[in-house]
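Q: Please work out how this folds:
(2 chains)
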Protein chains: 2
Amino acid sequence: MTATLEFWFEFASTYSYPAAHAVEAAAKARGVDVAWRSFLLGPIFGAQGWMDSPFNIYPAKGKYMWRDLARICGAQGLPLVQPSTFPRGSLLAARIVCANAEARWVGEFVRRVYSANFVRDLDISSPFVIGEILSSLGELPAELMKSAQAQEVKDRFKAQCDHAVAIGLIGAPSFVVDGEVFWGGDRLEQALDWACGKRTIAGDA
Amino acid sequence: MTATLEFWFEFASTYSYPAAHAVEAAAKARGVDVAWRSFLLGPIFGAQGWMDSPFNIYPAKGKYMWRDLARICGAQGLPLVQPSTFPRGSLLAARIVCANAEARWVGEFVRRVYSANFVRDLDISSPFVIGEILSSLGELPAELMKSAQAQEVKDRFKAQCDHAVAIGLIGAPSFVVDGEVFWGGDRLEQALDWACGKRTIAGDA
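A: Sure thing, here's the model as predicted:
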């Protein structure tokens, strides 16, 4: 049986950008499948009293994050352009992923949406931007956007976001393997170790 | 000329514990010197409106952190016992490090204080606990504790904490190389890469 790595991401999340570009190849190299799980950070941050990204609320954190992100992207050979708007609305793209999580094009869709946000500086909440990306993948934008707004998909995505809270997600990206949560793109190899049965826990935790 | 990695740590900080145990050996393997830089997170958190550890203020973050820490310690072969009091007062131990940053025993002192807090579950704010650790290193506790409380050392440590804010430290542990800040024990190898001249930055950041 092939192990599965759930990749939980928010399209507005900066650190999710390099992680989204890395996760599929890294998992494949270890013989692990990727399950694409979009969710929203807004409700999770809101529950902590944050009405904006903590990177905006706490300027020292934001300044550090953009520099750290540039180093991470540099190491991965990814371009980075700090978006003129941050964070951007991710609901439309997130629902499309939720409705098409098993589609063969979903990984590439995710990567292109991130690049639209963090390289092309485009408004990913716009149906025109998302539509262009779907077209570039050879898919039919109008149909996919219509189905992503159907009540059944809205409900399913809402349930997926509630599930994220229930399993203890506190940020993005996160990796989940058999219910074990790993927060941060820098935890990718640890999560893959876990998926491959290398599981070490110290002490009484 | 040997490159230097500044290791900025707070004795109350959980993630600093495995980092403190790893940093010297990892740096030595790369031919890099370690500069031990104690500081306090209290004033930095206080400036963000947090009067306690964010791991206590935000229970979901705290729950995740203890589990993540247990995995990290497990991978490093370090024991971990969740302290009965968290966070513990670190001022005395931090001043001793500031006053003796060049002493040959300082690295081992740092490691033993962390183990006292996160394995032996001892009150590291107690002069008896700190004194026992100094004795175990063959040093003279009374003299070292007296000198660490001298006004000159108090002033020097205050200046070191102000410097931490000035260079943009937002958490512990942090590594600093030529003014470049890396936050988190998981950034150790990146910081050592930087110290060894491997410096890649993406885009316009």
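
Q: What ranges does chain A have for its strands?
A: Listed in chain order, the strands found in chain A under DSSP state E are A:4-9, A:33-38, A:174-177, A:180-183.

Q: does chain B sit close to the last one?
A: Going back to what we said before, that points to strand A:180-183. Yes. Remark: strand A:180-183 sits within contact range of chain B at A:Val181, A:Phe182, A:Trp183, by Cβ under 8 Å from any Cβ of the partner chain. C-beta coordinates here come from the backbone N, C-alpha and C atoms, glycine included.

Q: Contacts only, for the first one.
A: Neighbouring residues of A:Val181 by Cβ atoms under 8 Å, 6 or more residues apart in numbering or on different chains: A:Ile167, A:Gly168, A:Leu169, A:Ser174, A:Phe175, B:Tyr64, B:Arg67.

Q: okay, those residues in JSON lines with pLDDT and neighbour count next?
A: Compiled in JSON lines, the contacts of A:Val181 are given as follows (pLDDT from 0 to 100; neighbours: other Cβ atoms under 10 Å in any protein chain shown):
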{"residue": "A:Ile167", "pLDDT": "95", "neighbour count": "13"}
{"residue": "A:Gly168", "pLDDT": "94", "neighbour count": "17"}
{"residue": "A:Leu169", "pLDDT": "96", "neighbour count": "23"}
{"residue": "A:Ser174", "pLDDT": "98", "neighbour count": "28"}
{"residue": "A:Phe175", "pLDDT": "98", "neighbour count": "28"}
{"residue": "B:Tyr64", "pLDDT": "97", "neighbour count": "20"}
{"residue": "B:Arg67", "pLDDT": "97", "neighbour count": "16"}
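
Q: Can I get these in CSV including distance to A:Glu139?
A: As requested, the contacts of A:Val181 are arranged in CSV below (distance: Cβ to Cβ, whole Å):
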residue, distance to A:Glu139
A:Ile167, 30
A:Gly168, 34
A:Leu169, 28
A:Ser174, 27
A:Phe175, 27
B:Tyr64, 36
B:Arg67, 39
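
Q: can you list the residues of chain A near chain B?
A: Looking at chain B, the residues of chain A close enough under Cβ under 8 Å from any Cβ are A:48, A:58, A:60-61, A:63-64, A:66-75, A:78-82, A:119, A:168, A:170, A:181-184, A:186-187, A:190, A:200-205.

Q: at 7 Å what do you get?
A: Counting by Cβ under 7 Å from any Cβ of the partner chain, the residues of chain A lying close to chain B are A:48, A:58, A:60-61, A:63-64, A:66-67, A:70-71, A:73-75, A:78-82, A:168, A:170, A:181, A:183, A:186, A:190, A:200-205.

Q: Show me which of the residues you listed are buried.
A: Burial by neighbour count, 16 or more other Cβ atoms under 10 Å in any protein chain shown: within the residues of chain A next to chain B this picks out A:58, A:60-61, A:64, A:66-67, A:70-71, A:73-75, A:78, A:80, A:168, A:170, A:181, A:183, A:186, A:190, A:202-203.

Q: Report the residue spans of chain A with pLDDT below the cut-off.
A: For chain A, residues meeting the criterion pLDDT under 70 lie at A:204-205.

Q: Apply 80 and report the result again.
A: A:1, A:203-205 (pLDDT under 80).

Q: measure the most centrally placed residue in it to B:Arg30 for me?
A: Nearest to the centroid of the C-alpha atoms of chain A, with distances taken as Cα atoms, centre = their mean, sits A:Phe9, at 2.0 Å. Distance, A:Phe9 to B:Arg30, by Cβ to Cβ, to the nearest Å: 33 Å.

Q: now, which of the buried ones among the residues of chain A next to chain B lie within helices?
A: Per DSSP state H, helices hold the following members of these: A:Ala60, A:Lys61, A:Tyr64, A:Trp66, A:Arg67, A:Ala70, A:Arg71, A:Cys73, A:Gly74, A:Ala75, A:Gln190.

Q: mind giving me CSV with those residues and columns for distance to B:Arg112?
A: Rendered in CSV, the data for these read as follows (distance: Cβ to Cβ, whole Å):
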residue, distance to B:Arg112
A:Ala60, 31
A:Lys61, 32
A:Tyr64, 30
A:Trp66, 37
A:Arg67, 34
A:Ala70, 37
A:Arg71, 33
A:Cys73, 39
A:Gly74, 38
A:Ala75, 34
A:Gln190, 27
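
Q: check contacts around A:Phe11.
A: If you count contacts by Cβ atoms under 7 Å, 6 or more residues apart in numbering or on different chains, A:Phe11 has them with A:Ser90, A:Ala93, A:Ala94, A:Val113, A:Tyr114, A:Asn117, A:Ile124.

Q: These, buried ones only, as a PyMOL selection?
A: Selection command for PyMOL covering only the buried members of these, criterion 16+ other Cβ under 10 Å:
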select buried, chain A and resi 90+93+94+113+114+117+124
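
Q: I'd like to know which of the contacts of A:Phe11 is nearest to B:Gly42.
A: When the contacts of A:Phe11 are compared for distance to B:Gly42 (Cβ to Cβ), A:Ser90 wins out at 35.3 Å.
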